[in-house]
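Novice: predicted model, plus sequence, below.
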Amino acid sequence: MSFLHPTGQVIDLGVNIDHVATVRNARGTVYPDPLRAALLAEQAGADLITLHLREDRRHIKDADVLAIRPQLLTRMNLEAAVTQEMVDFACLVRPQDVCLVPERREEVTTEGGLDVIRYYKDVEAAVKQLAAEGIRVSLFIDADEQQIAAAAAVGAPVIELHTGRYAEAEDEEAVARELARIKLGVRAGIQHGLRVNAGHGLHYTNVQPIAAIPEIHELNIGHAIVAHALFVGWEHAVREMKAIMVDARLGVALGNPSAET
Ligand SMILES: CC(=O)[C@@H](O)[C@H](O)COP(=O)(O)O
Ligand SMILES: NCC(=O)COP(=O)(O)O
């Protein structure tokens, strides 16, 4: 369940299971099973399960999405590129949420946010087709005021701010600059009437300042949880991340100024 603290604010943890599939695909075995990871993550406190069906299927496969969708007790957030193939597949699966993300086959990981301005017509068509199936659409974008305005204009009710630049910042000044940029993006998203999520590159220490931003509704976190699970176990890794997020948000809610870094 979403953590609802005294001020009524929530913060959801979306556990991205992509890299459970990366480990499985390394040997072409049936284990570790992303379905088992999803169900155990829900039991450990995940509020949703996120999975990125990439065009190259380097980790999550179509069969994973089809197997997981009917078994979830929380909700599925399917990440997909803005292509007709992926939008049609998403309409077939009908997850509660679809997050439209940019993809380049040669990228190691998602490098930047979706350029809604440049691909406005394609994004608009995808949003309309998905919304017609009752799917809530999120756009994975940079914390850029013009992109946020375009996301609202194109009809997406949700945005997920790309926290990669914040996560990759190499010194305190850069971290502070990127955190300030995210906070401005959150404010812009709220002003446009959007639900604001965030994700990419978050881990057990850099997550705290992001989770402390009161208007952020959901964080999608995967790679760091899978990595930590190698040492502490999957359910513990999920539970620990949720506890850190709740602690950061509760600290702010109860007026602990140091919690908001
Ligand atoms: C969109 C996003 O930030 C995540 O889905 C990320 O893409 C994880 O998948 P990869 O590690 O394959 O990029
Ligand atoms: N959209 C971000 C996501 O789903 C997980 O990204 P990461 O934590 O694997 O970098």
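Specialist: Structure received. Numbers count the residues shown, from 1 in each chain. Ligands and ions are numbered 1, 2, ... in the order given.
Novice: which parts of the chain sit against ligand 1?
Specialist: Selection of the chain residues close to ligand 1 by CB under 6 Å from any ligand atom yields 16, 18, 52, 59, 79, 101, 109-110, 140, 199-200, 222-223. All C-beta atoms are positioned from the backbone trio N, CA, C, and that covers glycine.
Novice: number of nearby residues for Thr109?
Specialist: By other CB atoms under 10 Å, 10 other residues sit near Thr109.
Novice: again, but for Asp12
Specialist: Asp12: 21 surrounding residues under other CB under 10 Å.
Novice: which element is it on?
Specialist: Using DSSP states H and E, Asp12 maps to strand 10-16.
Novice: next secondary structure element downstream of that strand?
Specialist: Using DSSP H and E, the helix or strand that directly follows strand 10-16 along the chain is helix 18-25.
Novice: gap between that following helix and the chain center?
Specialist: Mean C-alpha position of helix 18-25 versus that of the full chain (CA atoms, centre = their mean, to the nearest Å) differs by 17 Å.
Novice: please name every helix or strand in contact with it.
Specialist: Contact analysis of helix 18-25 by 3 or more CB pairs under 8 Å, 6 or more residues apart in numbering; DSSP states H and E lists helix 34-43, strand 48-52, helix 223-232 as its packing neighbours.
Novice: circling back to that earlier point, list buried residues within the residues of the chain next to ligand 1.
Specialist: Neighbour counting with 16 or more other CB atoms under 10 Å marks 16, 18, 52, 59, 79, 101, 110, 140, 199-200, 222-223 as buried within these.
Novice: where in the stretch 151-261 of the chain is pLDDT low?
Specialist: Where the stretch 151-261 of the chain drops to pLDDT under 70, the residues are 252-261.
Novice: what parts of it come near ligand 2?
Specialist: Within the stretch 151-261 of the chain, the positions adjacent to ligand 2 are 160, 199-202, 220-224 by CB under 6 Å from any ligand atom.
Novice: quickly check those residues for the two that are furthest apart.
Specialist: Comparing every pair within these by CB to CB identifies Glu160 and Ala224 as the most remote, at 16.4 Å.
Novice: thinking again about what came up before, please identify the pairing partners of the strand holding Asp12 and their relative orientation?
Specialist: Strand pairing for strand 10-16, using DSSP bridges, gives strand 3-4 (antiparallel), strand 48-52 (parallel), strand 216-221 (parallel).
Novice: right, so those: which one is the most enclosed?
Specialist: Most buried of the strands paired with strand 10-16, by mean neighbour count (mean count of other CB atoms under 10 Å): strand 48-52, with a mean of 27.
Novice: what about the closest residue to Gly134 other than its chain neighbours, how many neighbours?
Specialist: In this structure, Gly134 finds its nearest non-sequential neighbour in Arg94, 7.0 Å apart by CB to CB, 6 or more residues apart in numbering. Residues near Arg94, counting by other CB under 10 Å, number 14.
Novice: got the contact list for Arg94?
Specialist: Contact partners of Arg94, counting by CB atoms under 8 Å, 6 or more residues apart in numbering, are 69, 133-135.
Novice: quick check, pLDDT for it.
Specialist: Turning to Arg94, the model gives it a pLDDT of 98.
Novice: how much space separates it from ligand 1?
Specialist: 20 Å (CB to the nearest ligand atom, to the nearest Å).
Novice: quick one: the most centrally placed residue in the chain and Val158, what's the gap?
Specialist: The centre of the chain sits closest to Asn220, judged by CA atoms, centre = their mean, with a distance of 3.0 Å. Note on Asn220: its distance to Val158, by CB to CB, to the nearest Å, is 11 Å.
Novice: any common contacting residues for those two?
Specialist: Joint contacts of Asn220 and Val158 (CB under 8 Å, 6+ apart) are 99, 197.
Novice: any idea how far Ala224 is from Ile117?
Specialist: Distance, Ala224 to Ile117, using CB to CB: 30 Å.
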